[in-house]
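K.L.:
sequence and computational prediction follow.
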Amino acid sequence: MQQLDWIVIFLFFLVMVFIGFWSFREVDDSGDFFVAGGKLPWWLSGISHHISGYSGAVFVAYAGLAYTHGFAIYIWWALTIAIGIFVGAILIAPRWTRLRSNFNIESPTEYLKTRYNLPTQQLMAWSGVLLKLFDVGAKWAAIAVLLKGFTGTPLIYGILLAGGISLIYITVGGLWADVWTDLAQFVVQIVAGIIMFVIVLKMLGGVDSIFTMWDQLPEGNGQLFNDPYTPGFA
């Protein structure tokens, strides 16, 4: 790690916090905080959805599986998610929009209370909290693994740093902060991704390698399913 690397990391975290406080000016009530007042443009919502599907776990665990098991990861992970998104967009999203428009429902747990009762809402909320603790904890730990690999930062400090920054901008700016920080991360990701793609193509021998590299992969890495990631697993 060079001094410039540290400066870039520091500036990135600083931008995340700045966006959180900048987004606070858009928050006047709970509707603004939780659903951005229903004013999110479709393109920003789409980018946020895309980025929200990523975390340090993708670049640590899933990248490792792509290296060891090849194309199978796109079948059981990306393809199954795509199917879920397609079904949700057709069956669930339109109904959710009508709930918000007709009944001013701001969250899924609020819907449960309206549709059923308070105990149902509380049961789902608290069980969801337990699940989310493991989910978010795994993502923060994965970010800490990346920080440890690049900077040598101990895992506990990496988790506290990533978690602390996230809590600050989300608590201050709500959904607006979440989507705008997602946009900033998308810009970083797409620029870095394009640069890495070009570098890898050059190292493999040019554009033609897209069609010829499959024969150079380890046995099984070019298949749709690679044990233990079988059709049953997907």
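P.N.:
Looks like it came in fine.
K.L.:
low pLDDT regions in the chain?
P.N.:
Residues of the chain meeting the criterion pLDDT under 70: 56.
K.L.:
if we use 80, what do you get?
P.N.:
1, 38, 53-60, 106, 213-215 (pLDDT under 80).
K.L.:
ranges for the helices of it?
P.N.:
Counting by DSSP state H, the chain has helices at residues 3-23, 30-35, 42-52, 56-57, 63-69, 72-73, 80-91, 93-103, 108-115, 118-151, 155-204, 209-212.
K.L.:
which one of those helices has the most crowded surroundings?
P.N.:
Most buried of those, by mean neighbour count (mean count of other Cβ atoms under 10 Å): helix 72-73, with a mean of 22. Yep, even glycine has a C-beta here, placed from its N, CA and C like the rest.
K.L.:
in JSON lines: the helices of the chain, plus distance to residue 232.
P.N.:
Output for those, formatted as JSON lines (distance: least, Cβ to Cβ, whole Å):
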{"stretch": "helix 3-23", "distance to residue 232": "40"}
{"stretch": "helix 30-35", "distance to residue 232": "38"}
{"stretch": "helix 42-52", "distance to residue 232": "28"}
{"stretch": "helix 56-57", "distance to residue 232": "23"}
{"stretch": "helix 63-69", "distance to residue 232": "15"}
{"stretch": "helix 72-73", "distance to residue 232": "13"}
{"stretch": "helix 80-91", "distance to residue 232": "13"}
{"stretch": "helix 93-103", "distance to residue 232": "29"}
{"stretch": "helix 108-115", "distance to residue 232": "30"}
{"stretch": "helix 118-151", "distance to residue 232": "24"}
{"stretch": "helix 155-204", "distance to residue 232": "32"}
{"stretch": "helix 209-212", "distance to residue 232": "30"}
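K.L.:
of the ones you listed, which is nearest residue 224?
P.N.:
Residue 224 sits nearest to helix 72-73 of all the helices of the chain, at 6.6 Å, using Cβ to Cβ.
K.L.:
thinking again about what came up before, which of the helices of the chain sits closest to residue 222?
P.N.:
The closest approach between residue 222 and any of the helices of the chain, judged by Cβ to Cβ, belongs to helix 72-73 at 9.4 Å.
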